[in-house]
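**Q** can't give you the sequence, but here's the structure:
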């Protein structure tokens, strides 16, 4: 019996949260830190292992406040460069390249395990020609994003704060429309957080 594809997860949570006023990873929604919501959602998908959580600004304070469970917190020393540095560090922290890397954001507390599992299923079913699986919301690209093993060398060459968006524009990508299941609800400002509260 052959083993299934190896799928790793990376939660990006290294930023300083300047627009938020600092340390948004620990801002609470429903009595739980934003980052805890994101970590828990990824851990609820058994197919994703290992799960790497990228920290940067205020890493030690955040590490003490979050229950990472089976996830592994990793500090990206170059986090100040932007999202690309955090993504590169996360992929390097996985070790041997997996078949797919599922990327989510630490400031999307309403991300559900259902959506992550759906992207995992799409990745497993995809042909070798597929570079990535990208989630869209009413046509707008978002997360989770699944990156294939053959794309990872190019991901490691990324610089700046744009993540992999431009890179994905050059390769075959399958999109899954999740707008009917979930709204991403990025938390960039205190107002964004208020908008997510019941």
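**A** Everything's here; your move. This is a predicted model, so every value here is computed, not measured.
**Q** Counting neighbours, what do you get for residue 10?
**A** 28 (other Cβ atoms under 10 Å). C-beta coordinates here come from the backbone N, C-alpha and C atoms, glycine included.
**Q** Tell me which residues touch it, please.
**A** 51-54, 87, 90-91, 93-94, 101-104 (Cβ atoms under 8 Å, 6 or more residues apart in numbering).
**Q** pLDDT below threshold where in the chain?
**A** Scanning the chain with the threshold set as pLDDT under 70 gives 1-3, 160-163, 181-182, 184.
**Q** Do a quick rundown of the helices in it.
**A** Here the chain has its helices, by DSSP state H, at 34-43, 59-65, 83-94, 113-125, 152-155, 165-168, 190-196.
**Q** Name the nearest residue to residue 48, ignoring sequence neighbours.
**A** Among residues not flanking residue 48 along the chain, residue 9 sits closest, at 4.1 Å (Cβ to Cβ, 6 or more residues apart in numbering).
**Q** So for residue 90, what's the nearest residue that isn't a sequence neighbour?
**A** Residue nearest to residue 90 in three dimensions, not counting chain neighbours: residue 10, with 3.7 Å by Cβ to Cβ, 6+ apart.
**Q** mind checking how far the one you found is from residue 193?
**A** From residue 10 across to residue 193, the span is 23 Å (Cβ to Cβ, to the nearest Å).
**Q** Tell me which of the helices of the chain is the most buried.
**A** Comparing the helices of the chain by mean neighbour count (mean count of other Cβ atoms under 10 Å), helix 34-43 comes out on top with a mean of 23.
**Q** what's the angle between that helix and helix 113-125?
**A** Calculated by axes from the mean of the first three to the mean of the last three Cα atoms, to 10 degrees, helix 34-43 forms an angle of 40 degrees with helix 113-125.
**Q** what does helix 34-43 contact?
**A** So helix 34-43 is contacted by 9, 11, 13, 24-30, 48, 51, 53, 62, 66-71, 102, 104-113, 116, 187, 193 (Cβ under 8 Å, 6+ apart).
**Q** mind redoing it with 6 Å?
**A** Defining contact as Cβ atoms under 6 Å, 6 or more residues apart in numbering, one finds that helix 34-43 is touched by 9, 11, 13, 25, 27, 51, 53, 66, 69, 71, 104, 106-107, 109, 111, 113, 187.
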